[in-house]
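Student: pasting the sequence and the predicted model now:
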Amino acid sequence: MLESCRNAQERWGGVHLLIDRWLQERHELIQAFDGLHVHEASEAASRDALQTFCEILLDYVSAGHFEVYEQLVREAEAFGDARGIELARQIYPRIQSITEVAVAFNDRCVDGDCHDSPGLVEELRRLGQLLQERFELEDCLIEVLHNAHQQSAATA
């Protein structure tokens, strides 16, 4: 998961401050997730690590919905990019459903009280898979919506 984050930063880093900041938040989210030791079923996530992860998770998904996606769609509209707008309409519902899972997890675990609940490791694994899918969808949006517009602006 961390490698795909690095690849996204290499592809789009420096292109736009908002995207840069968001990709940095993604990196912090991945680090916090890795700090939960989800791959080691015998080791439960600490209360503090879980609380930190939840805070970063909520910040990340909120920034996506309330800042980045809106900006990308506004760019597409400004450039008359019907293909990009249609792609966003197709991808957004899946991103939204993943956000709902992330917010529900946050609501249940934000205070860290679920750190010793049965099934937490499996729930975190599933959330990790969903986040990976979300990152791929977000990368697709950045690639199509932002990069195409950067190239159009450069040639104009």
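Tutor: All right, it came through fine.
Student: now stretch 135-149: mean pLDDT?
Tutor: Across stretch 135-149, the average pLDDT comes to 80.
Student: so after the lengthiest helix in the chain, what's the next helix or strand?
Tutor: With secondary structure taken from DSSP state H, the chain has its longest helix at helix 82-109. Sequence order places helix 120-141 as the next helix or strand after helix 82-109, per DSSP states H and E.
Student: where in the chain is pLDDT low?
Tutor: 1-15, 39-45, 146-156 (pLDDT under 70).
Student: and the residue nearest the centre of it?
Tutor: Computing the C-alpha centroid of the chain and ranking residues by Cα atoms, centre = their mean puts F135 first, at 5.1 Å.
Student: picking that back up, buried residues of the longest helix of the chain, list them for me.
Tutor: Residues 84-85, 87-88, 91-92, 95, 98-99, 101-102, 105-106, 109 are the ones in helix 82-109 that count as buried (16 or more other Cβ atoms under 10 Å). C-beta coordinates here come from the backbone N, C-alpha and C atoms, glycine included.
Student: now do it against helix 120-141, angle only.
Tutor: 160 degrees (axes from the mean of the first three to the mean of the last three Cα atoms, to 10 degrees).
Student: quick check: which helices or strands does helix 82-109 pack against?
Tutor: helix 47-63, helix 69-78, helix 120-141 (3 or more Cβ pairs under 8 Å, 6 or more residues apart in numbering; DSSP states H and E).
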